[in-house]
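> sequence first, then the predicted structure:
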Amino acid sequence: MQTREFLVSAPGKVILHGEHSVVHGKVALAVSLNLRTYLRLQSTASGEVRINLPNIDTFLAWEITALQPLLAGCKEQGDLKELDADLLKRLREFTGILDDSTDTRSMAVLAFLYMYLTVFAEALASITVSVWSELPTGAGLGSSAAYNVCLSAALLSARGTISSPLTPQQESARWCKDEMELINRWAFMGEKIIHGNPSGVDNAVGTWGGFLRYHAGNITPLSWVPILRILLTNTKVPRSTKVLVSGVKDKINKFSSVMKPVLESVSAVSCTCEQTLTEMATHGPSAEHYNILEELIDINQHHLNVMGVGHSSLDTLCRVTLARGLHSKLTGAGGGGCGITLLRPETDASVIQSTFEELKSCGFDCWETSIGAPGVQQHSSAALSQDVLKILNSY
Ligand SMILES: Nc1ncnc2c1ncn2[C@@H]1O[C@H](COP(=O)(O)OP(=O)(O)OP(=O)(O)O)[C@@H](O)[C@H]1O
Ligand SMILES: C[C@@](O)(CCO)CC(=O)[O-]
Ligand SMILES: [Mg+2]
């Protein structure tokens, strides 16, 4: 254990196109959000591992001596492609968390304990970890990935597996490429626990930040993209990514010849969108470019409904925005959660205002977002706002 205190943060994301299809090897386009998850790790002398998760009202501690036997017979972590199923089973028995459990607390605790035990396998350290997020939990904005990326970065750095990049002169710092790749791979393990069968796109955005094309594990940063104005709406309808991802898989298995062309078409939507964005960045955006982006949004939203991940609240979002000439689609796993609406450069402020008002009257939260935030970072306390510090320091 090299550091007594560690502060890190990672961004949430929006998926422009390709959610669900990306799980089945198709192309997705995703971008980081200006909403972040923050984590503070302290080394202690309590002989305990403590986790404070105020967003989900979870405050738990375990004696290290009680956790140690769970590591008996553990495999080396190797290339981090597969979870250690035996360790996960022992952890489920220890915590009493059932196999089919999807509740918020169980998933967060399981991901934390699994990552803690595997990172510190050689010598379990006494630490307190506190996490607080600006992201709504379980709403399609990658809260699980931001959580897992923060855990991975802080635990690996505290263990000394990767460096602690912050120098005394800096407020924020990032790791080198190889270390970021390790953070990303370890975060993917956490996503596997929370999601079941994640594609890896969410943790890639949480790690690297910016605008990414993601295809079968290959991450390509897109630097040539125009500035897009995006409205985010949280329908506040709760849903679980794990359940939705497994529902799509069942549908593909049941209607393979029907569903495969749908996935292929979504992939083509992602590629056409990427081409259009590149043209917009190279030649300057035109009205026709925006028409194309809007049509692609509509096509994809229909495809997502075909996959069975729509929701009446998302239909309402699409209807309310379309009445003002604006186009929307769900983002993330769907089934409720959040949707995105593309704003055109000429969209009048009064139109945006009336859209906000009508969406709020439906019970939704709605705000204009800013995209392209940096990926995972280590911070000094001077870099964090007083509000965030106050929450993280109160445990
Ligand atoms: N701030 C947090 N504190 C504790 N646990 C969190 C936090 N944020 C996310 N989680 C964990 O992540 C889970 C939500 O993950 P889920 O993948 O279902 O939704 P999401 O990541 O917000 O959306 P999507 O995967 O569609 O982008 C929660 O149930 C919880 O276990
Ligand atoms: C639904 C999904 O495609 C995106 C969730 O943000 C799942 C995944 O890619 O892991
Ligand atoms: Mg998630």
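Cool, the structure landed. Residues are numbered from 1 along each chain as shown. Ligands and ions are numbered 1, 2, ... in the order given.

> contacts, neighbours, all on C-alpha from now
OK.

> what parts of the stretch 151-300 of the chain come near ligand 2?
Pro198, Ser199, Gly200, Val201, Asp202, Val245 (Cα under 6 Å from any ligand atom).

> pLDDT weak spots in this structure?
Across the chain, the ranges flagged by pLDDT under 70 are 1-3, 77-79.

> nearest residue to the middle of it?
By Cα atoms, centre = their mean, the chain has its centre lying nearest to Gly142, at 2.2 Å.

> phi first, then psi, for that residue.
phi 70, psi 30 (degrees, to the nearest 10).

> thinking again about what came up before, want to throw the residues of the stretch 151-300 of the chain next to ligand 2 into JSON lines with secondary structure and distance to ligand 1?
As requested, these are exported to JSON lines (DSSP: H, G, I helix; E, B strand; the rest coil; distance: Cα to the nearest ligand atom, whole Å):
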{"residue": "Pro198", "secondary structure": "coil", "distance to ligand 1": "9"}
{"residue": "Ser199", "secondary structure": "coil", "distance to ligand 1": "10"}
{"residue": "Gly200", "secondary structure": "coil", "distance to ligand 1": "10"}
{"residue": "Val201", "secondary structure": "helix", "distance to ligand 1": "10"}
{"residue": "Asp202", "secondary structure": "helix", "distance to ligand 1": "7"}
{"residue": "Val245", "secondary structure": "helix", "distance to ligand 1": "9"}
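
> tell me the one of those nearest Trp367?
Asp202 (21.3 Å; Cα to Cα).

> surely the closest one and Ala145 touch.
Yes - Asp202 is within contact range of Ala145, at 5.6 Å (criterion: Cα atoms under 8 Å).

> next one: the longest strand along the chain to chain centre, how far?
If you go by DSSP state E, the chain has its longest strand at strand 28-43. The chain centroid and the centroid of strand 28-43 are separated by 8 Å under Cα atoms, centre = their mean, to the nearest Å.

> what do you get for stretch 90-99?
24 Å.

> what residues sit buried inside it?
The neighbour-count check on stretch 90-99 (16 or more other Cα atoms under 10 Å) flags Leu91, Ile97 as buried.

> got it, and stretch 209-225?
Gly209, Gly210, Phe211, Leu212, Arg213, Tyr214, His215, Ile219, Pro221, Leu222, Val225.

> what does stretch 74-94 give?
So, applying 16+ other Cα under 10 Å, buried residues of stretch 74-94: Asp84, Leu87, Leu88, Leu91.

> dump that stretch to PDB, restricted to CA.
Output in PDB follows, covering the C-alpha atoms of stretch 74-94 (Å, rounded to 0.1, in the frame of the first residue of the first chain):
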ATOM      1  CA  CYS A  74      -8.000 -18.400  -6.100                       C
ATOM      2  CA  LYS A  75      -6.500 -18.400  -9.700                       C
ATOM      3  CA  GLU A  76      -4.100 -15.800 -11.000                       C
ATOM      4  CA  GLN A  77      -6.000 -13.000 -12.700                       C
ATOM      5  CA  GLY A  78      -4.100 -13.700 -16.000                       C
ATOM      6  CA  ASP A  79      -5.400 -11.800 -19.000                       C
ATOM      7  CA  LEU A  80      -8.600 -10.600 -17.200                       C
ATOM      8  CA  LYS A  81     -11.000 -12.000 -19.800                       C
ATOM      9  CA  GLU A  82     -13.000 -14.300 -17.600                       C
ATOM     10  CA  LEU A  83     -14.300 -13.800 -14.100                       C
ATOM     11  CA  ASP A  84     -13.100 -16.300 -11.400                       C
ATOM     12  CA  ALA A  85     -16.500 -18.100 -11.200                       C
ATOM     13  CA  ASP A  86     -15.400 -20.000  -8.000                       C
ATOM     14  CA  LEU A  87     -14.500 -16.800  -6.200                       C
ATOM     15  CA  LEU A  88     -17.700 -15.200  -7.300                       C
ATOM     16  CA  LYS A  89     -19.700 -18.200  -6.000                       C
ATOM     17  CA  ARG A  90     -17.900 -18.000  -2.600                       C
ATOM     18  CA  LEU A  91     -18.500 -14.300  -2.500                       C
ATOM     19  CA  ARG A  92     -22.200 -14.800  -3.100                       C
ATOM     20  CA  GLU A  93     -22.400 -17.400  -0.300                       C
ATOM     21  CA  PHE A  94     -20.500 -15.100   2.000                       C
END
